[in-house]
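Participant: coords please:
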Amino acid sequence: MVISAGGMFFTGLAVTSTLREFMQSRIDASLESTAHSPFIEQGRLPVQSAYGENPRLPSQYFVQVTHSDGSVVSYDYGFESYPNLDSVTHETGPVTVLAARGSKSTAHWRAMALKSQDGDLVVVAVSLDDNERTISRLFLLEAGLGMLVLAVLLILTWYVVRRSLRPLSHVERIAGKIADGDLSQRLPEWPPDTEVGALSRSLNKMLAQIEQSFVAVERSEAEAQENARVARKAEAQAREAEQTMRRFIGDASHELRTPLTSVSGYAELYRTGQTDDLNLVLDSISAEAERMSVLVQDLLDLARMDNSRPLEHKSVDILSVAISVIQNMKVNYPDRDISMTNNCVELPIVTGDSARLHQVLTNLMTNALKHAGPEAAVRIALDDSTLGTSPKKKAVRIRVIDNGVGIPPEDSEHIFERFYRADSSRSRHQGGGSGLGLSIVQGLVEQHGGKVTADSVVDEGTTFTVLLPHE
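Facilitator: Residues are numbered from 1 along each chain as shown. As a prediction, the model looks like this:
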């Protein structure tokens with residue numbers, strides 16, 4: 001289509017240029033013939049009338065004579081426009097000049113100058129108005145015909161291409177359905193003597209064979225996969241249940257042995273009469289019983305995580321959870337410096353279990369308040385972050401920051417292990433914990449698709465960072 005348009009354009013341009021040159025050559029020939037006629041060369045032109053008007057010639061030519069004394073006489077046939085002959089000051093061949101200012105027509109003129117026998121400069125000019133009108137009409141005619149031809153060609157091309165590609169479009173739609181897994185689709189039977197018809201027959205035959213093979217393979221694989229899945233699931237469940245039970249029994253027996261021994265010892269001490277301070281005995285037994293209660297609850301939380309009990313998946317406002325934890329900590333530790341900052345641009349919303357996320361922040365705050373030192377300030381900081389290296393994976397970052405005693409490097413690598421207690425001032429301030437709180441935090445955070453890390457410097461403080469996917 002572009003080639004056709006270009007061909008018509010250049011053809012029209014060539015025709016117009018050829019016609020313009022032809023008409024101009026005829027004008028020039030006529031102009032030279034008139035200029036060299038005896039009538040003009042010998043200066044036998046009408047003189048100026050008594051009324052001062054320019055004499056008029058019964059001709060299409062405009063003649064201007066510049067006498068040797070500088071006077072100028074113009075001869076015309078009553079034209080409404082005149083040529084601007086200011087630039088024609090000496091003998092010259094045919095040249096194109098503009099119309100004079102004030103002329104009703106802006107058409108160009110063709111002019112030629114020569115010396116007469118009397119030594120006067122005679123300029124003969126003829127208007128190109130008719131030529132230019134002829135060229136303009138030709139141009140409009142060519143443009144109209146060109147647009148009409150292009151429109152017809154465009155419609156014919158669109159029709160032919162659409163008709164030719166209709167079978168291929170149908171093949172494309174069927175191929176898309178087949179690619180989506182629908183092997184029951186078949187192509188229509190077009191005339192066998194066409195390329196599309198031969199292609200459709202070959203594809204239909206191939207699709208029938210592939211469909212039969214896939215059905216047989218899928219049936220066999222489905223049966224094998226189902227059997228293997230059931231077997232693996234049963235084996236995994238059995239192994240997981242056994243491991244969970246062993247882990248739970250081992251952890252429970254190990255951790256409950258110490259408080260049970262203490263309770264038994266205090267009871268035996270009082271029974272044998274080695275002490276008569278009943279309040280001391282009861283306080284000690286009560287403290288050990290409370291420790292056992294906390295330990296049992298932590299063990300149950302670990303058992304739930306080991307069994308992969310499903311969590312709630314609801315929208316959770318981390319800001320509200322953090323405020324609730326801060327309020328609880330201020331009630332339990334009224335004399336401590338506890339605060340919170342929120343630098344999130346948007347509301348920090350995550351998908352998860354509100355109660356479990358509350359437990360995560362509670363465990364981290366309790367750990368910091370108990371082990372960072374009695375003078376340490378503890379705060380929660382919320383801000384925006386990302387998960388991994390992709391900036392598109394938005395996350396909520398929760399930091400529990402204290403300026404306490406810190407954790408030695410040899411202990412910081414193990415703080416998320418079960419029943420690990422750091423032998424440092426962090427654990428000695430409050431007599432140590434069960435060693436399960438941070439392990440529970442790590443398990444709950446990972447169940448929410450996040451991660452938790454710890455950074456600590458001795459005598460400067462510790463920062464626990466939790467990253468959770470933003471909703």
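
Participant: Look up the closest residue to the residue nearest in space to the middle of the chain, ignoring the ones flanking it.
Facilitator: The residue lying closest to the centre of the chain (C-alpha atoms, centre = their mean) is K392, at 11.3 Å. Nearest residue to K392, sequence neighbours excluded (C-beta to C-beta, 6 or more residues apart in numbering): T386, at 7.9 Å. In short, each C-beta sits where N, CA and C put it, glycine included.

Participant: which ones are touching that neighbour?
Facilitator: Residues in contact with T386 (C-beta atoms under 8 Å, 6 or more residues apart in numbering) are 392-395.

Participant: Please, a ChimeraX command that selects the buried ones among those residues?
Facilitator: Under the burial definition 16 or more other C-beta atoms under 10 Å, those of the contacts of T386 that qualify are selected in ChimeraX by:
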select :395
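
Participant: Could you single out the nearest of the contacts of T386 to L98?
Facilitator: L98 lies nearest to K392 out of the contacts of T386, by C-beta to C-beta, at 68.0 Å.

Participant: got the contact list for stretch 440-453?
Facilitator: Stretch 440-453 is contacted by residues 298, 301-302, 305, 311, 350-353, 356-357, 359-360, 363-364, 387, 395, 416, 464-469 when judged by C-beta under 8 Å, 6+ apart.

Participant: Can you name the next helix or strand after the lowest-mean-pLDDT helix or strand in the chain?
Facilitator: One helix or strand of the chain scores below all others by mean pLDDT, DSSP states H and E: helix 425-428, with a mean of 42. Next helix or strand after helix 425-428 toward the C-terminus (DSSP states H and E): helix 437-447.

Participant: Any buried residues in that following helix, and which?
Facilitator: When burial is assessed from 16+ other C-beta under 10 Å, helix 437-447 yields the following buried residues: 437-445, 447.

Participant: tell me the mean pLDDT over that helix?
Facilitator: Summarised as a single mean, pLDDT over helix 437-447 is 88.

Participant: quick revisit: now the residue nearest to K392: phi and psi?
Facilitator: phi -140, psi 160 (degrees, to the nearest 10).

Participant: what does F416 give?
Facilitator: Main-chain torsions, F416, degrees, to the nearest 10: phi -90, psi 0.

Participant: Go ahead and confirm it touches G435.
Facilitator: No. Counting by C-beta atoms under 8 Å, F416 stays clear of G435, with 10.3 Å between them.

Participant: Mind checking which of these two has more residues around it?
Facilitator: Per other C-beta atoms under 10 Å, whichever of F416 and G435 has more neighbours is G435, with 20 against 17.

Participant: Do a quick rundown of the helices in this structure.
Facilitator: In the chain, the helices defined using DSSP state H lie at 2-35, 38-41, 129-179, 195-271, 278-306, 318-332, 354-371, 409-412, 425-428, 437-447.

Participant: Of those, which is nearest R399?
Facilitator: Nearest of those (C-beta to C-beta): helix 354-371, 9.4 Å.

Participant: Which residue ranges make up each domain of the chain?
Facilitator: 1-44+57-182, 186-309, 311-469 (the TED database).

Participant: So which of those is the most surrounded?
Facilitator: Of all these, domain 311-469 carries the top mean neighbour count, a mean of 18, counting by mean count of other C-beta atoms under 10 Å.

Participant: Can you give me the end-to-end span of that domain?
Facilitator: 15 Å (C-alpha to C-alpha, to the nearest Å).

Participant: How far does it sit from its chain's centre?
Facilitator: With C-alpha atoms, centre = their mean, to the nearest Å as the basis, domain 311-469 stands 36 Å off its chain's centre.

Participant: Check stretch 189-204 too.
Facilitator: From the chain centre to the centre of stretch 189-204 is a distance of 42 Å (C-alpha atoms, centre = their mean).

Participant: then it to PDB, C-alphas only?
Facilitator: Once non-C-alpha atoms are left out, stretch 189-204 reads as follows in PDB (Å, rounded to 0.1, in the frame of the first residue of the first chain):
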ATOM      1  CA  GLU A 189     -11.800 -30.100   7.100                       C
ATOM      2  CA  TRP A 190     -10.900 -27.500   4.400                       C
ATOM      3  CA  PRO A 191     -10.400 -28.500   0.700                       C
ATOM      4  CA  PRO A 192      -7.500 -31.000   0.600                       C
ATOM      5  CA  ASP A 193      -5.900 -29.300  -2.400                       C
ATOM      6  CA  THR A 194      -5.100 -26.200  -0.300                       C
ATOM      7  CA  GLU A 195      -2.200 -25.800   2.100                       C
ATOM      8  CA  VAL A 196      -4.500 -25.100   5.000                       C
ATOM      9  CA  GLY A 197      -6.500 -28.200   4.200                       C
ATOM     10  CA  ALA A 198      -3.400 -30.500   4.100                       C
ATOM     11  CA  LEU A 199      -2.200 -28.900   7.400                       C
ATOM     12  CA  SER A 200      -5.600 -29.500   9.100                       C
ATOM     13  CA  ARG A 201      -5.700 -33.100   8.100                       C
ATOM     14  CA  SER A 202      -2.200 -33.800   9.400                       C
ATOM     15  CA  LEU A 203      -2.800 -31.900  12.700                       C
ATOM     16  CA  ASN A 204      -6.100 -33.700  13.300                       C
END
